[in-house]
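Colleague: build me a structure from this.
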Amino acid sequence: MKFGKLFCVATVVVLACSLCAAQTTERQFVYVANSGSNDISAYLVDLSTGILKEIHGSPFVVGERPSWIASDPAGRYVYVTNSNSDNISAYTVASATGGLTQISSSPFKAGERPSSIAVDPTGRFAYVTNLASKNVSAYTISPNGVLVEVIGSPFKAGDYPNSITISPSGKFAYVVNQGGAITLLSKPTVKGNISAYSINSANGALVEIPGSPFTAGDNPTSIAVLPSGKFAYVTNSGSDDISVFRTNPDNGGLTAVIGSPVKSPTRPALIRTDSVGRLAYVVGRGSALADNGHVGAYRIDSVTGNLTQTADELRFNPGKFVTFDWGHELASITTSNKYIFVVDFSSNRLPVYEIDSAAGRLTEVSGSPFKTGTSPTAVWTITSK
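Modeller: Okay, the predicted model is just below:
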């Protein structure tokens, strides 16, 4: 079953790692999935200025309506979910140039309407949420990057499973079940939840843990787990808030903390934390008629897990939103210390900002915004040494 449209947040923010002075050979590559032109734009980042240079061979062809990008932890392989062709494109990454070469047996079959993809911290397993078939496809990653579906896959999820996150320990997987379609013209009130699974370290199979699914707010869209694994955060697009959970390190269970949920910007679509678990960034969709997408910065209480919005929140209007008829969360944020990359769906551009991590202020870099393909929807960064 194919769907010609998606509901897409117009902004996708990716945070890129900063360069230490001694790491003179480090390279940062940025990859943008373009859902309209069915390709990936690839860039080399000047780590001292944030300026992007499109690399040779870019854009690279993918499947129909790419929705998400991920890589293995070593940055050797890139994987792209293709929502309308129900498969996953896989590529090897040239460490010197960032160029992509499609793996010979790619693309690999997924379920109906694959949305997001995540790779476990060991780089051995990959997991894909399938919106229409309401399940999760699981794969082992071969030494050459080939995906081999795990025995027992796909594994059952809830309604509209739109994003997946693996715990830093690699022991648990969390799937956000949106519960129903989101549109910009109506306020959804469907309660969603989080399916939680233990991961079999030998074969990658998923087993739903006791107590799962765990209740979230209205139409949840994304989940982030702190690098410590101690707390998890869920954006609820329908109720304009963030659910905060304490995680059980033994069984992966989620327990809401006192003070949860926390109020957020309008229609929060995505949450990610920085590499040290000190700050969280929340991408908001904004309202139906206004050009007001935004990013809010929150300080994380390391003891309670609660969020406090910073005085200098990251707020800007990166572009107009486009209404689609199927709920789908496409934003992706990777760990950041220095630069923020903002994919603007409506104007086919990639604004780049330098971030003051202490105050949360943004300064646009020279030459920004940079051109992408048509209707960019997701972004990913890889660091090569």
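
Colleague: beta-bridge partners for the closest residue to Val45 other than its chain neighbours, please?
Modeller: Counting by CB to CB, 6 or more residues apart in numbering, the nearest residue to Val45 once its immediate chain neighbours are dropped is Gln28, at 4.1 Å. To be clear about C-beta, it is placed using only N, CA and C from the backbone, and glycine gets the same treatment. Per DSSP bridges, the residues bridged to Gln28 are Val45, Thr383.

Colleague: quick one: low-confidence parts of the stretch 251-385 of the chain?
Modeller: Residue ranges of the stretch 251-385 of the chain with pLDDT under 70: 285-294, 311-337, 359-362.

Colleague: for stretch 211-227, buried residues please.
Modeller: 212-214, 216-226 (16 or more other CB atoms under 10 Å).

Colleague: can you flag which of the residues you listed belong to strands?
Modeller: Mapping the buried residues of stretch 211-227 onto strands (DSSP state E) picks out 214, 216-218, 220-225.

Colleague: farthest-separated two in the residues you listed?
Modeller: Asp218 and Val225 (21.4 Å; CB to CB).

Colleague: and Val30, how close does it get to Lys385?
Modeller: Noted for Val30: a distance of 16 Å to Lys385, by CB to CB, to the nearest Å.

Colleague: looking at the two, which is more packed in?
Modeller: A count of neighbours by other CB atoms under 10 Å puts Val30 above the other of Val30 and Lys385, at 26 against 9.

Colleague: tell me the mean pLDDT for the helix or strand hosting that one?
Modeller: Using DSSP states H and E, Val30 falls within strand 27-34. Mean pLDDT, computed over strand 27-34, is 92.

Colleague: in terms of secondary structure, what does that strand contact?
Modeller: strand 11-16, strand 39-45, strand 66-71, strand 376-384 (3 or more CB pairs under 8 Å, 6 or more residues apart in numbering; DSSP states H and E).

Colleague: nearest residue to Ala74 other than its sequence neighbours?
Modeller: Distances taken as CB to CB, 6+ apart put Gly123 closest to Ala74, at 6.0 Å, once the chain neighbours are dropped.

Colleague: need phi/psi at the one you found.
Modeller: Dihedral pair for Gly123: phi 80, psi 10, per degrees, to the nearest 10.

Colleague: so what's it up against?
Modeller: Residues near Gly123 by CB atoms under 8 Å, 6 or more residues apart in numbering: 72-74, 141.

Colleague: is it true that Thr304 touches Ile258?
Modeller: Yes. Proximity of Thr304 to Ile258 meets the contact threshold set by CB atoms under 8 Å, at 7.3 Å.

Colleague: those two: which has the busier surroundings?
Modeller: Neighbours per residue, other CB under 10 Å: of Thr304 and Ile258, the larger number sits with Thr304, 14 against 9.

Colleague: against Arg246, how distant is the more buried one?
Modeller: Distance from Thr304 to Arg246, by CB to CB: 9 Å.

Colleague: joint contacts of these two?
Modeller: Here Thr304 and Arg246 have Val257 as joint contacts, going by CB under 8 Å, 6+ apart.

Colleague: distance check, Arg278 against Trp68.
Modeller: 26 Å.

Colleague: give me the pLDDT for the spatially closest residue to Leu100 that is not a sequence neighbour.
Modeller: Computed as CB to CB, 6+ apart, the closest residue to Leu100 that is not its neighbour in sequence is Tyr91, at 3.9 Å. Looking at Tyr91, its pLDDT stands at 98.

Colleague: phi, psi of Tyr91?
Modeller: Phi and psi for Tyr91, reported as degrees, to the nearest 10, are phi -140, psi 150.

Colleague: then Ser264?
Modeller: Here is the backbone geometry of Ser264 (degrees, to the nearest 10): phi -130, psi 180.

Colleague: residues touching it, list them.
Modeller: So Ser264 contacts 235-236, 240-242, 282, 284, 296 (CB under 8 Å, 6+ apart).

Colleague: where does Leu6 land on pLDDT?
Modeller: Listed pLDDT for Leu6 reads 43.

Colleague: what's the answer for Val9, then?
Modeller: pLDDT, Val9: 41.

Colleague: circling back to that earlier point, more crowded one of Arg278 and Trp68?
Modeller: Shown here are Arg278 and Trp68; by other CB under 10 Å, Trp68 has more neighbours (31 against 13).

Colleague: what's the more buried one in contact with, if anything?
Modeller: 33, 80-81, 114-117, 330, 332, 378.
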